[in-house]
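Undergrad: Sequence plus predicted model, see below.
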Amino acid sequence: MIRMAKPLLKKAVVNLLKIAEQHNLCSVAIPAISSGIFNFPLPLCADVIVTTIKQYCKQKKANSPPFKLHLVNNDNKTVREMERACKKILSCHEDKDMPPTAKVHLQPPDKANTHEPTTMEKTELHEEEEQVNFDSYKAIVSFVNIRNVHWQFLYLNAAESSVYLVDPATNSNEQGESDNAAQRFRDYFKMRRICHGKTDWVDIKLKGNVMHHPVQQDSNSCGVIVTMMAKAVMEAFPQPPRMTFGTTTDEMAVQRKHFALQILKASVFNTEANCAMCAATKPPAPGPSFTDWIQCDSCCRWFHKQCLQMDTAEWQKMKNVDWKCILCKK
C-alpha cells in the first residue's frame, strides 16, 4: 500500500508546484499531505515531500520566476518531522547542481535568518496559529496581494453569506473573481471539518458578490484605496458601506499624509533615540556615516535630517529658529 502511495504523493507535490508556476504565484504552502486521515507514515511523508521539492527545483529553468515554499502543518510533531527532513535532505545548501534561481534554503522557525540569500527561493517551516472559531465573528476583512504589484480588498459577511473580492482598479471580472474566492472559502471550511472536525461556518453557503466603489485613477494608490475600503466597511457594519471618497492624485496624496500622521501618533518607541519619521536610529536610505538630527521645539520629537529631505543649508537654518514638525504645524 505504501509502495503504491509514494509515487502518488510525489506526483501531487510536483503538480502543485507546476500549477503555482503556471499561475505566477508568489508563495506556496505545502502541508504533510496524506499523513493525516490517510495514515501515510509521517517520516516517509516528510522525506518524500522535501526530496520532491529538491528534485523539482534542480530542474527549474534559470529564468523561471522564483517563489517561496512554506512547509506547514497544525501540530508540533509534524513540523519537527518536516524540519528533520529539510536538515537531512537540504543539508548541502551550496549544491552546485542547483540553478541560481532554484536553490532551496532552510529557515527553521526558531532561528533568525542571519544571511539573506540573493535568491528569493526558500523553504520555511511554520506552525499554524491556534485554531480560530469563526462562529465568534460576524465578518472578515483582509487584503489580497497580487504578484507583489497590486492590492485587492477581501470582505466576508457571514449574515449575507457573501464574499467580496474588490479590485480598486477597473476590473470587468470582479463578479467572477468574487465567485472564485467564495468557492475557495467553501472548500476551506469543508477541509477544516474533514481534517480537524471544525464545523464553524461550514454550513454557510458563501457566494460571490460585488459592491460599488471608487476606482483607482493612478498606478500606485491601490494600497491606500483598499485601506479606505476596509475603513468604510468597518464603520458601516452591519449596514452596507457607502464609499464616496475621491481617488484623484491630489486626494490620494492627502490620504497618504493622513495615514502617516495617524501612524506616527500611534507609534510607540524611544523618542530620545529614534526618528519620529522612520522609527529607527539610523536613516533607512544610504547616506553619510554621521547622522544629523533636528528636534521639534513643540512636541520634542527627534527627526533625521535625511528623512525630512532637508538639505544642509535648510537644516542649519531650522536649528537656529523655533522649528515645528509636521504633526505640530496642524
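TA: In hand now; what should we look at? Residues are numbered from 1 along each chain as shown.
Undergrad: Show me where the chain has its strands.
TA: Using DSSP state E, the strands found in the chain span residues 27-30, 68-73, 106-107, 123-127, 139-146, 150-157, 162-166, 207-209, 293-295, 302-304.
Undergrad: Could you tell me the model confidence score at the spatially most central residue of the chain?
TA: The centre of the chain sits closest to Asn145, judged by CA atoms, centre = their mean, with a distance of 6.9 Å. Here, the pLDDT recorded for Asn145 equals 92.
Undergrad: go on, Ser91?
TA: Ser91 is assigned 61 on the pLDDT scale.
Undergrad: and if you look at Ser64?
TA: 68.
Undergrad: before we move on, back to that, tell me what the residue nearest to the centre of the chain is bridged to.
TA: When bridges are called by DSSP bridges, Asn145 pairs up with Trp151.
Undergrad: that older thread, would you list the strands of the chain in a markdown table and tack on distance to Glu83?
TA: Any C-beta I mention is one placed from the backbone N, CA and C, and that applies to glycine too. Listed next are the strands of the chain as a markdown table, based on distance: least, CB to CB, whole Å:
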| stretch | distance to Glu83 |
| --- | --- |
| strand 27-30 | 14 |
| strand 68-73 | 8 |
| strand 106-107 | 8 |
| strand 123-127 | 5 |
| strand 139-146 | 27 |
| strand 150-157 | 31 |
| strand 162-166 | 35 |
| strand 207-209 | 39 |
| strand 293-295 | 44 |
| strand 302-304 | 41 |
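Undergrad: Give me whichever of those is most buried.
TA: Ranked by mean neighbour count under mean count of other CB atoms under 10 Å, the strands of the chain are led by strand 162-166, which reaches a mean of 23.
Undergrad: Kindly export it (C-alpha atoms) in PDB.
TA: Provided in PDB are the C-alpha atoms of strand 162-166 (Å, rounded to 0.1, in the frame of the first residue of the first chain):
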ATOM      1  CA  SER A 162     -21.300  36.900   0.700                       C
ATOM      2  CA  VAL A 163     -17.700  37.100  -0.300                       C
ATOM      3  CA  TYR A 164     -16.400  40.300  -1.900                       C
ATOM      4  CA  LEU A 165     -13.100  40.400  -3.700                       C
ATOM      5  CA  VAL A 166     -12.900  44.100  -4.600                       C
END
